[in-house]
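**Q** Sequence plus predicted model, see below.
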Amino acid sequence: MLPLGLLVLAAAWAAPLADVLPGPFAAHMTMHMGVVAVAAPMLALGVAGTPFDPVRRAPRWFAPVPVSFVELVLVWGWHAPALHQVARQTALGFALEQGSFLASGVWLWVSALGGDDHRSANRRGLGVVALLLTSMHMTLLGALVALAPRPLYACHGASSITPLEDQQIGGAIMLAVGAVSYLAGGVALSARLVREARA
């Protein structure tokens with residue numbers, strides 16, 4: 001799973017998304033979702049339960065619910081119009097945005113999925129809560145972006161659609177990918193807990 005996660009991450013950062021998608025904001029949101037909602041869980045699954053699992057060495061740094069709030073602050077912060085512009089217009093801003101998305105995404109997913117099996121039931125329960133909380137805030141943010149009555153972001157670039165339509169597509173991408181990914185992770189982790197309780 002780790003090589004596939006690295007491949008998805010490379011594709012998210014290197015693919016010419018602006019040439020494929022209808023607008024620059026939709027392309028940026030696709031990159032964001034590729035990093036936090038697709039590559040991050042794959043990378044976490046690739047290390048969880050292995051000798052490289054960081055939760056085994058430092059479990060206190062991987063408390064799922066507090067980590068989910070760190071990701072909430074970072075995701076909502078970078079979607080504030082002023083910070084979004086910094087990320088779109090400067091190389092340093094872009095690197096900080098994407099780096100923090102990747103770090104917080106992997107941190108959250110590995111917090112929920114990692115750890116030793118004999119001590120992980122409680123962690124998995126908290127992981128379910130953390131992933132479902134993240135799904136809810138991704139849903140809310142995606143809906144706010146998609147349903148805003150005016151453009152919130154000054155995204156410029158070749159586009160066949162209006163800035164508002166571009167923003168609506170970007171919000172829909174967050175709803176379709178981000179919210180669903182974290183919800184699916186929470187449901188899968190819940191199912192694992194039920195199976196282990198029955199065993």
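**A** Sure, I can see it.

**Q** neighbours around the nearest residue to Leu21 once chain neighbours are set aside, how many?
**A** Leaving aside its sequence neighbours, Leu21 sits nearest to Ala27 (Cβ to Cβ, 6 or more residues apart in numbering; 4.5 Å). C-beta here means a position set from N, CA and C on the backbone, and glycine is covered the same way. Counted with other Cβ atoms under 10 Å, the neighbours of Ala27 add up to 24.

**Q** Could you grab the helix/strand/coil label for Ala27?
**A** Under the three-state scheme (DSSP: H, G, I helix; E, B strand; the rest coil), Ala27 adopts helix.

**Q** was I right about it contacting Ala15?
**A** No. If you go by Cβ atoms under 8 Å, Ala27 and Ala15 don't touch, sitting 9.2 Å apart.

**Q** residues contacting the residue nearest to the spatial centre of the chain?
**A** Nearest residue to the geometric centre of the chain (Cα atoms, centre = their mean): Val36, 2.6 Å. Applying Cβ atoms under 8 Å, 6 or more residues apart in numbering, we find Val36 in contact with 71, 75, 101-102, 104-105, 178.

**Q** Just the pLDDT for Pro54.
**A** Pro54 carries a pLDDT value of 94.

**Q** Quickly note the distance from it to Val67.
**A** Separation of Pro54 from Val67 (Cβ to Cβ, to the nearest Å): 12 Å.

**Q** And for Ser160?
**A** Distance of Ser160 to Val67, given as Cβ to Cβ: 40 Å.

**Q** what does the model give Met199 for pLDDT?
**A** No Met there; residue 199 is Ala. In this model, Ala199 is scored at 67, pLDDT.

**Q** looking at the protein, which helix or strand does the model trust least?
**A** Every helix and strand in the chain was compared by mean pLDDT, DSSP states H and E; the lowest is helix 17-20, with a mean of 68.

**Q** what's the following helix or strand after the longest helix along the chain?
**A** As assigned by DSSP state H, the longest helix anywhere in the chain is helix 120-147. Per DSSP states H and E, the first helix or strand lying C-terminal to helix 120-147 is helix 163-173.
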